[in-house]
Structure formats: C-alpha cells, structure tokens
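Colleague: sequence first, predicted coordinates after that:
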Amino acid sequence: IFKFLGAISVDLGKDRIKPYLPTILTPLYRELNSTYAEQDPTLKNLSQEIIELLKKLVGLEAFSLAFSSVQKQAHQKRAMRKKQRALQTVANPDVAARRKLKRHKNKAETRKRKIELLRPTYKAKRPRSHALKDLAMVE
C-alpha cells in the first residue's frame with residue numbers, strides 16, 4: 001500500500017496531490033510512530049522514503065502544514081482514547097477491575113518468561129489450570 005501511495009503521488013504531480021496529502025500521510029505517520037514490539041523495519045524505511053519523496057514533490061512548506069495537521073489529529077485521537085478509558089474506569093468499575101487483573105496477570109507471566117530466558121536453569125512456578133475456576137466471574 002505504501003508503494004501504491006508513493007506511485008499515485010508521483011503520478012498525480014505537485015498540484016493535484018496537495019488536497020490528498022493529509023490522507024496519504026496518515027498511514028505513513030502511523031507507521032513511523034508505532035511502538036509495536038514486532039515491527040517490520042522495512043515498512044518503517046519505506047514510509048520514511050515515501051515521506052522524503054513527498055517532501056521533495058510538494059515542497060517543504062506545504063508538506064510541513066499537512067504533516068503537522070496529521071500529527072495534531074493523531075495526538076487528539078490518542079488523548080480522546082485516554083480520556084474515554086479514564087471515564088470508563090469511573091462508569092464501569094467492574095470492567096476496569098477485570099482489565100486491571102488481566103494486565104497484572106500478563107505482567108507476572110512476562111516477568112517469569114524473562115527470568116527463564118536470563119537463567120535457563122530456573123523454572124518459574126506456573127499457575128495450575130483450574131478450568132472451571134477460570135471461567136467463574138471475578139468478584
């Protein structure tokens with residue numbers, strides 16, 4: 001898709017690409033700023049190359065305006081999600097408690113996994129699987 005966006009932008013030219021610039025920059029910006037653990041470096045490099053191509057194509061001033069608008073929009077979305085999560089904690093405390101328990105459980109298992117990687121002879125205790133107990137609702 002990134003190659004397609006680059007090809008379309010080159011094909012449209014300087015004047016006709018300007019209205020579509022924020023739409024094209026949105027996935028490129030998202031890929032550059034992603035913090036996923038299993039991120040593909042080739043995608044990041046490709047998005048950087050396409051951004052450089054767009055910068056040369058439309059000029060620095062037009063590119064900067066479009067890029068800053070995309071950046072601002074992403075920050076607003078992130079802030080909105082954070083606010084919604086905080087409101088949900090107050091509105092639905094049971095859902096928030098379940099999410100918190102799940103996060104703590106995952107954190108403990110991650111810690112055990114890291115210890116096992118660092119010290120192969122050490123075997124962390126794993127919780128026994130109580131199938132019916134795990135299905136029960138959290139009180």
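Modeller: Received it, and whenever you're ready, just let me know what you need.
Colleague: the residue nearest the centre of the chain and Ser47, how far apart?
Modeller: Nearest residue to the geometric centre of the chain (Cα atoms, centre = their mean): Ser34, 4.6 Å. Distance, Ser34 to Ser47, by Cβ to Cβ, to the nearest Å: 10 Å. For glycine as for every other residue, the C-beta is placed from the backbone atoms N, C-alpha and C.
Colleague: need the residues touching each of the two.
Modeller: Counting by Cβ atoms under 8 Å, 6 or more residues apart in numbering, Ser34 and Ser47 have no shared contacts at all.
Colleague: can you pull the contacts of Gln88?
Modeller: Gln88 sits next to Val95, Ala96 when contact means Cβ under 8 Å, 6+ apart.
Colleague: how many neighbours does the closest residue to Gly6 other than its chain neighbours have?
Modeller: Leaving out its chain neighbours, the residue that sits closest to Gly6 by Cβ to Cβ, 6 or more residues apart in numbering is Ile50, at 4.4 Å. Applying other Cβ atoms under 10 Å, we find 22 residues neighbouring Ile50.
Colleague: who touches Ile50 in this structure?
Modeller: Going by Cβ under 8 Å, 6+ apart, Ile50 touches Phe2, Leu5, Gly6, Ser9, Leu28.
Colleague: all helices of this protein, in order?
Modeller: Under the criterion DSSP state H, the chain contains helices at 2-17, 21-33, 41-58, 60-91, 93-118, 131-135.
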